[in-house]
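J.: Quick one: sequence plus predicted model below, questions after.
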Amino acid sequence: MKDFSDLNPITIFIYFFAVIFVAMFCMNPVILAVSLAGAVCLFMLRNGAKQKRSHAFFFLMFIVMALINPLFYHNGVTVLFVMNDNPVTLEALLYGIAASAMIIAVLYWFRSFSQLMTSDRLLYIFGSVSPKTALIISMSLRFVPLFGTQAKRIDQAQKALGLYKEDNAVDAIRGKGRVFSVMTTWALENGIVTADSMTARGYGTGKRTFYSLYRFSRFDAVLIASSLALFALTMTAAAYGTLDFVFYPAISPPKLTPFAFIAYLSYCVLVFIPVIIEAEERLKWKYLLSKI
Amino acid sequence: MISIKSSSLRKWLKIIIPFALIPASITAGLSVPGEKLYAYVTLVITAFTVLLFIAGFEAKKTGTRRLIIAAVMIALSVAGRFIPFFKPVTALTVITAVYLGGETGFLVGSLSAVISNFYFGQGPWTPFQMFAWGMIGLIAGFLALPLKKSRILVLAYGLLAGILYSFVMDIWTVLWYNGEFNGALYLSALISAIPYTILYSFSNVIFLWFFAKPFGEKLERIKIKYEI
């Protein structure tokens, strides 16, 4: 077994697609709670106790968004109190909490997704769909830092030539503008040179392949199959209305039939797959360390 | 891989998808009673449109030079997103579209969104940003001739693009949060976004004011010099 981040990018992509799609699709408190718990667990497991500020930010956002709904939506039978001639209802408040839980869960999932799906991994996936776009993306990614260093060089040259001083605001702005102008011209010309060099080396004459160091192991296949199966189970239950949680006009939770139970269980397993894999890897590492 | 061979079909799709299919599916999603599918419908449709554009681009024979110039423009606008408050992405997308055509404009706008989100964080909003910026580029490409001639028109387009960008993104915000479209919520989202909308529009106008002419000249020069 491997670390979750060592898996093939396609596996990671399919896994996150399955988890996030269900979280966005089912406004069911159980599903949302499981999703939020799993997302926070994975994020904490990968980042430790760091990132306190983003946790605080997400928590604040959760509170604000949960309170927005009852202020704008006045459906529901249980009136808590009346504000500005508008009833504030329990149902709207609960819906607000559910909706913001969904959004925060998805944001946490995407945080982990961004960390696991680095640009080279996303390019690996993109490259199999559209090699040309993948090429543009990877070249742009390289150009961003290149232009930064080039701009610094031009800036130093201009300053050394005495073309502008930084203590004069107008002069400084005009100087920076000139640096940007020079840099753009250079960038465009440099791009043409790159393009000609690529053509000279035979770009576009044949099918383009991408170098990749990602292998597709048997574990990847197992993981893709199980994520898709669990995803299908949960989505089937959702499509049949087994997980429908009605907020308006009155709260009515779905019955806990065996089918619904299976759906909850399968989503739970799906959500905690990466946590289990990461935790197992940590335990193994600790165990091996203790043997030394 | 999706690739469309017939060029006339491709041309038709280019018009039908953004102007007919997307509004149609949005209204279809809104008219299903009891089901709150709009957010997913819009997300799927948006992602699909962007993919279709990319697939159409893939099937086309584009010169290597044009490809690299697009990459250069994307890199410039991504680098520009690091400037605090003022974002030149829209301005550069419009300028590229005017001088190199709507399709290149769409590519620059949408890919700038993906790449800058590597630094700023990907999310379910990425397809919408891709779509919004891409469309700003595509429409600018259609209006290339008048936009090239009149400076006031370019500035007005930048102003309008800033406002429309906000409008499109807030539709998504409301759909995602609420599950269905709610006028009051949309209005409040728009109102709370007013400072940002003004900032977007203002920075578009500023950047177009200063960049449209010199950038246009540079692109024109490169175009003539290297026959792109």
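T.: Alright, I've got the coordinates. Numbers count the residues shown, from 1 in each chain, chains lettered A, B, ... in the order given.
J.: Residue in chain B with the shortest distance to chain A?
T.: B:Ala75 (3.3 Å; CB to the nearest CB). Yep, even glycine has a C-beta here, placed from its N, CA and C like the rest.
J.: show me what contacts that residue?
T.: By CB atoms under 8 Å, 6 or more residues apart in numbering or on different chains, the residues touching B:Ala75 are A:Met139, A:Ser140, A:Leu141, A:Phe143, A:Val144, A:Leu146, A:Phe147, A:Ala187.
J.: Quickly note the distance from the residue of chain A found nearest chain B to A:Tyr214.
T.: Residue of chain A nearest chain B, by CB to the nearest CB: A:Phe143 (3.3 Å). Applying CB to CB, to the nearest Å, the value for A:Phe143 to A:Tyr214 is 24 Å.
J.: what about these two, which has more around it?
T.: A:Phe143 (25 against 17; other CB atoms under 10 Å in any protein chain shown).
J.: in which helix or strand would I find the more buried one?
T.: helix A:131-160 (DSSP states H and E).
J.: Need the mean per-residue confidence for that helix.
T.: Helix A:131-160 carries an average pLDDT of 89.
J.: Kindly report the same for stretch B:176-192.
T.: For stretch B:176-192, the per-residue pLDDT averages 80.
J.: Not counting its own residues, what contacts that stretch?
T.: With CB under 8 Å, 6+ apart, stretch B:176-192 has contacts from A:24, A:27, A:65, A:68-69, A:72-73, A:99-100, A:103, B:30, B:36, B:38-39, B:124, B:166-167, B:170-171, B:173-175, B:197.
J.: got the buried residues for that stretch?
T.: Across stretch B:176-192, burial judged by 16 or more other CB atoms under 10 Å in any protein chain shown covers B:Trp176, B:Tyr177, B:Asn178, B:Gly179, B:Phe181, B:Asn182, B:Leu185, B:Tyr186, B:Ser188, B:Ala189, B:Leu190.
J.: Then stretch B:82-99?
T.: Quick answer for stretch B:82-99 (16+ other CB under 10 Å): B:87-99.
J.: Please apply the same query to stretch A:259-278.
T.: A:260, A:263-264, A:266-275, A:277-278.
J.: How about the residue of chain B closest to chain A, nearest residue that isn't a chain neighbour?
T.: A:Phe143 (3.3 Å; CB to CB, 6 or more residues apart in numbering or on different chains).
J.: Point out where chain B drops to low pLDDT.
T.: B:1-42, B:48, B:55, B:179 (pLDDT under 70).
J.: and the longest helix along it, is it in reach of chain A?
T.: Longest helix in chain B, counting residues (DSSP state H): helix B:194-226. Yes - against chain A, helix B:194-226 shows contacts by CB under 8 Å from any CB of the partner chain at B:Phe210, B:Pro214, B:Phe215, B:Lys218, B:Leu219, B:Ile222, B:Tyr226.
J.: residues near the second one, how many?
T.: It stands for B:Pro214. B:Pro214: 15 neighbours (other CB under 10 Å).
J.: now do the last one
T.: A count of nearby residues for B:Tyr226, using other CB under 10 Å, gives 17.
J.: gap between the closest residue in space to it that isn't next to it in sequence and A:Ile136?
T.: Counting by CB to CB, 6+ apart, B:Tyr226 lies nearest to A:Ile192, which is 5.4 Å off, once chain neighbours are set aside. Using CB to CB, one obtains 15 Å as the distance from A:Ile192 to A:Ile136.
J.: Report the residue spans of the stretch 151-292 of chain A with pLDDT below the cut-off.
T.: A:208-210.
J.: Let me see the ranges of the helices in it.
T.: A:169-200, A:218-239, A:258-291 (DSSP state H, counting those that start in this stretch).
J.: and what of chain B?
T.: For chain B, the helices defined by DSSP H occupy B:7-16, B:22-31, B:38-59, B:64-80, B:89-100, B:102-120, B:126-142, B:144-149, B:151-178, B:183-192, B:194-226.
J.: Could you identify which of these is most buried?
T.: Most buried of the helices of chain B by mean neighbour count (mean count of other CB atoms under 10 Å in any protein chain shown) is helix B:89-100; its value is a mean of 27.
J.: got the CA coordinates for that one in PDB?
T.: The C-alpha trace of helix B:89-100 is given here as PDB (Å, rounded to 0.1, in the frame of the first residue of the first chain):
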ATOM      1  CA  VAL B  89      -6.500  39.600 -16.800                       C
ATOM      2  CA  THR B  90      -9.600  41.100 -18.600                       C
ATOM      3  CA  ALA B  91      -7.700  43.800 -20.200                       C
ATOM      4  CA  LEU B  92      -5.000  41.500 -21.600                       C
ATOM      5  CA  THR B  93      -7.700  39.000 -22.700                       C
ATOM      6  CA  VAL B  94      -9.500  41.800 -24.600                       C
ATOM      7  CA  ILE B  95      -6.400  43.100 -26.300                       C
ATOM      8  CA  THR B  96      -5.400  39.600 -27.300                       C
ATOM      9  CA  ALA B  97      -8.900  38.900 -28.700                       C
ATOM     10  CA  VAL B  98      -8.900  42.100 -30.700                       C
ATOM     11  CA  TYR B  99      -5.600  41.500 -32.400                       C
ATOM     12  CA  LEU B 100      -5.400  37.700 -32.600                       C
END
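J.: Appreciated, that's everything.
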